[in-house]
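Enquirer: for reference, the sequence and a predicted model appear below.
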Amino acid sequence: MERSATRADRGRSVRTITTPDGPVVRAPFLGGTWHGRGRDYRRRRRIATAVVLIVTLLAVALSSLFVVGLARPGTLPARLFASAYGLTVLAGLALGRTWVAQAPARPRWADDGLTTSLGITIFLLVPVLAGFGIALLPELFGADFPGERRARELTAMLRTTAASNR
């Protein structure tokens, strides 16, 4: 990243691939195929969308079953705990929106804590996974895949920097 990187981009990195036209920033799930939008691009996009959709549906189903099971005794503490557990979907929504906003840049290891917090909460609380998937799904069906627009911007910046250094 160059010196004028925003505060959110500091400590983050992007992966690139080399093409005859110059460097191309790799987008999540798509690699460099977003650049040509050919057959590989469409195949990868369909596969990634299907996987996220299936995992999200499973997480929503499991979350619903857990919340109902936790609330089943009908006592006030059980209902409160089940409600609090179900509301952890909001943490997943927040993490998912953050991931979408930052893609394709990724933290160097877990500098920003997002990677660590996402990993821990997904394994501990299934509703977080459901919320993450729900936040990601609208982006998957949009014109640009998550990170694709930002990958385009970063690729243009890399090519401009490479051309000016010659």
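Expert: That came through, no problem. Numbering: from 1, shown residues only.

Enquirer: in stretch 77-90, what counts as buried?
Expert: 82, 85, 86, 88, 89 (16 or more other CB atoms under 10 Å). For glycine as for every other residue, the C-beta is placed from the backbone atoms N, C-alpha and C.

Enquirer: which of the residues you listed sits closest to residue 44?
Expert: Ranking the buried residues of stretch 77-90 by separation from residue 44, with CB to CB as the measure, puts residue 89 on top at 27.7 Å.

Enquirer: these two touch, right, that closest one and residue 131?
Expert: Yes - here residue 89 lies in contact with residue 131, judged by CB atoms under 8 Å, at a distance of 3.9 Å.

Enquirer: helix or strand with the lowest mean pLDDT in this protein?
Expert: strand 106-107 (a mean of 60; mean pLDDT, DSSP states H and E).

Enquirer: low-scoring stretches of this protein, by residue?
Expert: Confidence mapping of the chain against pLDDT under 70 gives the ranges 1-12, 106-124, 166.

Enquirer: report the secondary structure element holding the residue positioned nearest the centre of the chain.
Expert: In the chain, the C-alpha nearest the mean C-alpha coordinate belongs to residue 99, at 4.1 Å (CA atoms, centre = their mean). Under the criterion of DSSP states H and E, residue 99 resides in helix 89-102.
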